[in-house]
Structure formats: C-alpha cells, structure tokens
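>>> structure of the sequence below:
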Amino acid sequence: MKILKNNKVILIFVILFLLFIGLIMPTFKAYLSQVSKTNFQSLDMRFSYDSATVEELFVSLGQNGRAKLSLAYLTLDLVYPLIYSSLLFLMLSKLLSENNQKLKYLPIIALGLDYVENLIILIMLNLFPAINSTLVVAASTATSLKWLFLGLSLIAFLMLIIKKVISPKSKD
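Purely as a prediction, here's the structure:
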C-alpha cells in the first residue's frame, strides 16, 4: 500500500483536480450558460432539485445543449468524480493510522453516489420531454447523499489536518 502514501501520486491528483475545477469545468459551464442563455448550474452541482427545476433546465438547454450535457455526463463526469474521490481517499489514507482506516472510504461512497446520480440524469435526458418524478426524486436523493458524503470526507480531512498540527506526534 505504499502507492497510497506516495506524495507524487497525490500531487498528480491535485494537479488533475485543479485542472478540472480551474479550466475544464468553468469552460464547459460557460458554454452551457451561453447555450441556455442563463447562468447554467448543473443538477449535480445543486444540493437537491425537483421536477420543475429539471424541466426548466432541460428546456433552457435546447436539444443541442442537452446533447452536449449528455456527452459531458458520459465523459467529464465519469473522470472528475474519480479524480476528486481518489484524491480524498489518498489524502485520508495518508493521514489515518494503520489501525483506523475506515474514514478513507467516505469519498468512495460519494463516488458511487455520483455515478448513480449521473446515470439517472442521463436517463432523464434521454426520456425528455417526459419528466418522471420518481427518477427526479432518485437523482436528487443521490445528489444530496453525494454531497453529504463529500462533506463528511472534507470534515474528516480537516479534522485530521488540525489534529496533526496540534499534536504532530500522533498517528491519527
């Protein structure tokens, strides 16, 4: 498990993460904002949403925007969750002691929820103009749970950093 504690691997994921949040995602958001003539906010970037929100977003994108969004869910949104969850997993693995590794799985749960959310949103995009309220509730629930597990991951990471600063000799 030395690769998990390797700073070079973590650095690669930090660079990839920064590339996504600093360049790739803002560029794509700007494109979809232009297409939709709104300040585009993807469903997966919200904490929750309802059928009216889904319909309003999908209508504003038009057919071309929905096709681009589907492509993003099949490409960017497969890669980006893998990057952020791997980064959090590696950082938590590095900070946790060998005896206490359970918290490192929080971002992996978030990754699974992100993929479930993406799959349901893709299904909704393909079914549009029909809006299935059950799918909306399922997607929104997956989104909310994803953010919950990401939040817990970040809280665990910050608490471990603070603990290391306060008592640097401690193993966790």
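
>>> wouldn't residue 17 be in contact with residue 86 here?
No: using C-beta atoms under 8 Å, residue 17 is not in contact with residue 86, being 9.1 Å away. C-betas here are computed from N, CA, C, even on glycine.

>>> after the one helix or strand residue 124 maps to, which helix or strand is next?
Using DSSP states H and E, residue 124 sits within helix 106-127. As assigned by DSSP H and E, the chain's next helix or strand after helix 106-127 is helix 133-166.

>>> buried sites along that next one?
For helix 133-166, the neighbour count (16 or more other C-beta atoms under 10 Å) marks 135-136, 138-140, 142-147, 149-150, 153, 156-157, 160 as buried.

>>> repeat for stretch 71-78
Those would be 72-73, 77, for stretch 71-78 by 16+ other C-beta under 10 Å.

>>> same thing with stretch 43-55?
Across stretch 43-55, burial judged by 16+ other C-beta under 10 Å covers 43-44, 49, 51, 54-55.

>>> show me what counts as buried in the helix holding residue 124.
106-118, 120-122, 124-125.
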